[in-house]
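Asker: Predicted model and sequence below, questions to follow.
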Amino acid sequence: MKLTIIGNRSPFPVKDGGCPSYLLEFDDQKILIDIGPGSLQELNKHINYYELTAIVISHLHGDHFEDLLPLHYAIMLDIMAGRRKEALAVYLPYDEGKELDYIRAKVGKEYYLQSINEETKLNFANLDFSFKKSNHPKECYAMRISNGNKTLAYTADTGWDDNLISFLNGSNLLLAEASLLEKDKEKTNMGHLTVKEAVNFGVKAKTEQLLLTHLGAYYLREDIKVEIEEVDIPVELSKVGLTYEI
């Protein structure tokens, strides 16, 4: 599996990256996980839009889904031009918020919207997805993704959650949200982790490698790096445009 960081900042894009979005490739499958504002320009550096197999969205906060709206024009034109034969499958929570109605009102038959929950199991060729609700005010799902040999784990947006640690345990690579510095720790009650908590989460989840994402847009990378404590697993700040082999 290959994971390319398309966006890793939140809650808005900044000059070093857009909002959360990650391209997962395995064999001929190209799955986009989340599609926040600022994603599309970076995504198009790596693949053509019509090559996408599916999009899987963790939750319907704007920083994780809003580039779904401009992408539908590209998919529509690709279908009209014959570059793509069918609608693009988009998997997302059918929560009780107004965002789903907003998406449905803005897009058309170029997307095939399908719901996810904790019972959902997705399979793309030999790529298996399972889901666990995270500790977040909005209905949000962490993801465990396996090709039968290697496993990628993604916290999505979450506060501290022992059940989530168990669900994501033993991955080859853990993509973990690290939204806050310690000076803003009181904001973790909004369903987010500090950098130090994210590192501790990775240690307790016994991952082989920890990659930090969902970085606060108002922080400098240098200030985030300072709060990464030395532990027994490799820890790295994700960087937009880089590809990681799993």
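Answerer: Looks like it arrived, so ask away. Predicted model only: the values in this text are computed from it and were never measured.
Asker: Any figure for the gap between residue 97 and residue 188?
Answerer: In this structure, residue 97 lies at 22 Å from residue 188, with C-beta to C-beta, to the nearest Å as the measure. Every C-beta, even on glycine, is put in place using the N, C-alpha and C of the backbone.
Asker: Between those two, which is the more surrounded one?
Answerer: With neighbours defined as other C-beta atoms under 10 Å, residue 97 and residue 188 compare such that residue 188 has more, 17 against 14.
Asker: Kindly list the main-chain dihedrals of the residue nearest to the more buried one when sequence neighbours are not counted?
Answerer: The spatial neighbour of residue 188 that comes closest, neighbours along the chain excluded (C-beta to C-beta, 6 or more residues apart in numbering), is residue 159 at 5.4 Å. Dihedral angles phi and psi of residue 159 (degrees, to the nearest 10) take the values phi -90, psi -180.
Asker: Name the single longest helix found in the protein.
Answerer: If each helix of the chain is counted by residues according to DSSP state H, the longest one is helix 68-81.
Asker: buried stuff in it?
Answerer: The neighbour-count check on helix 68-81 (16 or more other C-beta atoms under 10 Å) flags 68, 71-72, 74-76, 78-79 as buried.
Asker: Which pLDDT does the model give the nearest residue to residue 234 once chain neighbours are set aside?
Answerer: In this structure, residue 234 finds its nearest non-sequential neighbour in residue 209, 4.9 Å apart by C-beta to C-beta, 6+ apart. For residue 209, the pLDDT comes out at 98.
Asker: Now do the SS call for residue 132.
Answerer: Secondary structure assignment for residue 132 (DSSP: H, G, I helix; E, B strand; the rest coil): strand.
Asker: Need phi/psi at the spatially closest residue to it that is not a sequence neighbour.
Answerer: If you skip the residues right next to it in sequence, residue 132 has residue 167 as its closest partner in space, 4.2 Å away by C-beta to C-beta, 6+ apart. Residue 167 has phi and psi values of phi -60, psi -40 when expressed as degrees, to the nearest 10.
Asker: got the contact list for residue 167?
Answerer: By C-beta atoms under 8 Å, 6 or more residues apart in numbering, the contact set of residue 167 is 132, 142, 144.
Asker: out of those, who's nearest residue 223?
Answerer: residue 142 (26.2 Å; C-beta to C-beta).
Asker: is the closest one in a bridge, and if so with what?
Answerer: Partner residues in beta bridges with residue 142: residue 132, with DSSP bridges as the criterion.
Asker: Return the residues in contact with it.
Answerer: With C-beta under 8 Å, 6+ apart as the criterion, the residues that contact residue 142 are 58, 131-134, 153-156, 158, 164, 167-168.
Asker: what about it, distance to residue 151?
Answerer: Note on residue 142: its distance to residue 151, by C-beta to C-beta, is 13 Å.
Asker: now do residue 208
Answerer: Shown here: residue 208 relative to residue 151, a distance of 9 Å by C-beta to C-beta.
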